[in-house]
Structures are given as C-alpha cells and as structure tokens.
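Asks: Here's a sequence, model it:
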Amino acid sequence: MAADTLQQLSVLRCRDPEAVEDCLLQHGALSLTLEDAADEPLLEPDPGQHPMWQQTRVSALFGADHDLQAIRASLLQLGLEAADILTGELPDQDWIRAWQQHYQPLQCGRLHICPSHVDLPIEPDAVVIHLDPGLAFGTGTHPSTRLCLHWLDRADLLGKTVVDYGCGSGILAIAAAKLGAARVYAVDHDPQAVQATRDNARNNQTANLVQAGLSGELNLPQADIVIANIIARPLIMLKPVLLQCLKPDGVLVLAGILTAQADVVAASYLPELQRQQQWQQDDWVCLELTRC
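Replies: Below you'll find the predicted structure:
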C-alpha cells in the first residue's frame, strides 16, 4: 500500500453515532462524515437543539498505517453488526486537483467569485472576489447566497454603511465593500466564521473596509443596509437586533428562507417593516423590507 493511500471505514447504520465517532477518533480518524441512513429528513430545529437521525451512516478516513481490522473489532464491541461495517482503500489521486475541478468560478451580475487557482480573463467592469472553500459557510454556490449577491450587485452601495449579520465566510461583506460601501460590519456567532471573514477580507484587499466580530461584542452602528442570510427561525428571533442596527430609511435584506416560509418571515417584521420585493431561486427566497 502506498504511503499516501487513504483507507475508508463506513458504518452503514447506527443508533449511537457519538459512541461510534468517539471510537473512530480514538483510533486516529483523519475525518468523519455523518449522513442520514434511512431517508429521514430533519426539519429546522428549535434554538439550542441538535437532533440526529434515528439511523446514521458514519464514514471515516484513515491513513495507510492504520489497522482497519483492529478498528473494526473495537466497533463490534459497541454492539454493531458485522455486516454494517465496510472497509476499503481509496484510489490514489491528486486531491488538490480534484477539489479545484469541482469548485469553479461563479458569476452574479458584475460579481465573479473565483477560487485562488483560477485566473480567467474578466470583463473590464467585473468585480472579482477570490474565495476558496473553507470551514465557514459561503462560497456563493447556495441559491440563498447567490440571491444576496445579485441583490448587492443591483443596489447603490456607494458610500453606504452595511451590516452583514451571519457573515460566514464574509463573501457578502466583501462583495459590499468591493461594490462601493464605505464601511461594512460583519457579524457571526461562530469564531471560525469571524476569522474566515477577516482572512478573506485581507486576501481581497478589503480589510480596511470590513470589520468582523462576534455577535454581542461588535459595536454596530445604524446602517443603511442590513443583510442577513441565515435561516427562517433565527431571522424571526433576530428581529429586535436587526431593527436596532437599521437606519429609519434603511433597507433590510433577508435570505436563507424557503419559499413556503417567506410569508411568515415577512409578517413577523410587521408593523415596523413591509415587504417591498422578493426574488426566488429554486426553493429559496430573498426578501427586501423597508420601514412602513
């Protein structure tokens, strides 16, 4: 077996994924992936809740020097069925080249979201954001992110103050800065997202315009534009926070909302705000709201 060959071990279904995770990590798993093993969708949970599927598939990668049979024996001691534990080798390949082929440039109006390995001829008025996949959400591939990017491309941002609430990778904050915003505040509850935003802002020469920080710690001014690409329930719960940092004549942009949730989210902002416009891509909606 080549020194750089990866081995894979998969538990096809289990009821206690945490115990399986602990076992695999103790044996030196390089990565873990948890998936639904029984076609059981999880609806949006209540805040603070982290439900799991009744049956979970767990896959782990190990280096060439790991004894998968010994790991398999440890899993059997947890009460798993032998037929549910599969092992094998992954074919050698250039992993960097593999993700580069998968992650290609994306265009949203003037905005071009390009991974760092791509150097394409771009139109003279193009606005380029260099962004590689990372721990924080937001590479522009999700419909809700694309809807927000298109909204920013259409908006008049020159000299405006923008708040990106739930910034993830910082893609929307960086886009706003590159499209003319005078100051952008990027907020997230996840320290990794804040760090990713700072790194990406620096890599895109917008660190002087984008200030990133944790929610509750960043001193937010009243902004001309507040954009929040999260999911429906947190958007409803965040109403007091988002309204507090919105100027009286400001615009609030909400995304991460399924089509069936749009009316509920918009109604939750009454009577302070009214829905002005709505855009849809696939099953996702972006709402624009302003003061009544």
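Asks: where does this structure dip in pLDDT?
Replies: 1-4, 37-53, 91-104, 116-122, 132-139 (pLDDT under 70).
Asks: ok, Q107 - contacts?
Replies: Counting by C-beta atoms under 8 Å, 6 or more residues apart in numbering, Q107 makes contact with I113. For glycine as for every other residue, the C-beta is placed from the backbone atoms N, C-alpha and C.
Asks: ugh, wrong one, S144
Replies: With contact taken as C-beta under 8 Å, 6+ apart, S144 is in contact with 229, 255-257, 281, 284, 286.
Asks: secondary structure class for it?
Replies: Here S144 is recorded as helix under DSSP: H, G, I helix; E, B strand; the rest coil.
Asks: Next one: it from L287, what distance?
Replies: Using C-beta to C-beta, to the nearest Å, S144 is found at 11 Å from L287.
Asks: list residues touching both of these two?
Replies: 255, 257.
Asks: thinking again about what came up before, which of the contacts of S144 sits closest to C23?
Replies: Nearest to C23 among the contacts of S144, counting by C-beta to C-beta, is G256 at 34.8 Å.
Asks: Then the closest one would be within a strand, right?
Replies: Yes - G256 forms part of a strand when assessed by three-state DSSP.
Asks: OK, contacts around it?
Replies: Neighbours of G256 in contact, by C-beta under 8 Å, 6+ apart: 144, 166, 228-232, 235, 284.
Asks: circling back: if any of the contacts of S144 are buried, put those into a PyMOL selection.
Replies: In PyMOL, this line selects whichever of the contacts of S144 come out buried by 16 or more other C-beta atoms under 10 Å:
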select buried, resi 229+255+256+257+281+284+286
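Asks: mind giving me TSV with the contacts of S144 and columns for distance to Q55?
Replies: As requested, those are exported to TSV (distance: C-beta to C-beta, whole Å):
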residue	distance to Q55
N229	31
A255	32
G256	28
I257	30
Q281	32
W284	28
C286	35
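Asks: Give the burial count for K247, as a bare number.
Replies: K247 is flanked by 15 other residues according to other C-beta atoms under 10 Å.
Asks: whoops, I mixed them up, D125
Replies: Residues near D125, counting by other C-beta under 10 Å, number 6.
Asks: which SS class is it?
Replies: Assignment for D125 (three-state DSSP): coil.
Asks: what's near enough to touch the nearest residue to it once chain neighbours are set aside?
Replies: Residue nearest to D125 in three dimensions, not counting chain neighbours: R110, with 5.9 Å by C-beta to C-beta, 6 or more residues apart in numbering. Applying C-beta under 8 Å, 6+ apart, we find R110 in contact with 125-127, 153, 179.
Asks: what's the first-to-last distance across stretch 237-256?
Replies: Terminal residues of stretch 237-256 lie 14 Å apart, using C-alpha to C-alpha, to the nearest Å.
Asks: picking up where we left off before, format the contacts of R110 as CSV; extra columns: distance to H189.
Replies: Compiled in CSV, these are given as follows (distance: C-beta to C-beta, whole Å):
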residue, distance to H189
D125, 36
A126, 33
V127, 28
D153, 27
L179, 26
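Asks: domains of the protein?
Replies: Following automatic domain parsing, the chain resolves into domains at 6-92, 103-291.
Asks: And the helices in the stretch 51-200 of the chain, which stretches?
Replies: 68-76, 95-102, 143-154, 171-178, 191-203 (DSSP state H, counting those that start in this stretch).
Asks: And the last one, what's buried?
Replies: Buried residues in helix 191-203, defined by neighbour count with 16+ other C-beta under 10 Å: 193-201, 203.
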